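> Sequence and predicted structure are below.
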Amino acid sequence: MLLYGGLQWLYQDARGGALERLLIDTLTVRPSAALIDWLTPGERVIAEGHRLVSPWARLNVLNGCEGTETVLLLGAALLVFPARLRHKLQGLLGGSLLIYTLNQTRIVGLYYALRHDRDSFQLLHGVLAPTLIILAASLFFLVWAKQARSTPEATTGKAGCGP
């Protein structure tokens, strides 16, 4: 919990800076706009900073909407788990890609909900999508941990996690 808290504090300290613009504007909003326009060219969605804008809807992607908290939570769990550094790095990469992909799907889905069914937007935004992403990250961790424990390094004690 302390590691996650520290990572979260560092990220919040970068609020409004280049890191936040990179994560939200460049890595979240732009790809979402491109994906929406690829799926439905008639939407004419453009990325304006941290917003997805079309003639029919405007979706603000704010700090916390880009999935960083989930990546940090999973990252903290992976880093404190007794496993080889190589397994931890593989887990960080795989887990980050999973969360990024799911979050991009979430952002695109939220745009369509805002555009076509505003009543479902709040339920998707506040409850369903975040819960599914946390559940997916948790399942990823469980599978990863089982694999890390079943490696020969883990069973011979070379990982430094026991006698």
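Structure received.

> which residues touch residue 7?
Going by C-beta atoms under 8 Å, 6 or more residues apart in numbering, residue 7 touches 72, 75, 76. (C-beta placed from N, C-alpha, C; glycine too.)

> what's the spacing between the second one and residue 141?
It stands for residue 75. Residue 75 sits 10 Å away from residue 141, taking C-beta to C-beta, to the nearest Å as the criterion.

> more crowded one of these two?
residue 75 (21 against 17; other C-beta atoms under 10 Å).

> by contact count, what packs against the lengthiest helix in the chain?
Longest helix in the chain by number of residues (criterion: DSSP state H): helix 85-116. Applying 3 or more C-beta pairs under 8 Å, 6 or more residues apart in numbering; DSSP states H and E, we find helix 85-116 packed against helix 30-39, strand 58-60, helix 68-80, helix 118-123, helix 129-149.

> now, among the contacts of residue 7, which is nearest to residue 106?
In terms of C-beta to C-beta, no member of the contacts of residue 7 lies closer to residue 106 than residue 72, at 16.9 Å.

> What pLDDT does the model give the closest one?
Per-residue confidence (pLDDT) for residue 72: 90.

> Could you count how many residues lie near it?
19.

> secondary structure element for the residue lying closest to it once chain neighbours are set aside?
Closest residue to residue 72 apart from its sequence neighbours, by C-beta to C-beta, 6 or more residues apart in numbering: residue 7 at 4.4 Å. Per DSSP states H and E: residue 7 is located in helix 2-13.

> Which element is encountered next along the chain beyond that helix?
helix 18-21.

> And the longest helix of the chain, how far out from the chain middle?
4 Å (C-alpha atoms, centre = their mean, to the nearest Å).

> Give me the angle between it and helix 30-39.
50 degrees (axes from the mean of the first three to the mean of the last three C-alpha atoms, to 10 degrees).

> If you count neighbours, what's buried in helix 85-116?
87-88, 90-92, 95-96, 98-100, 102-104, 106-115 (16 or more other C-beta atoms under 10 Å).

> All set now, cheers.
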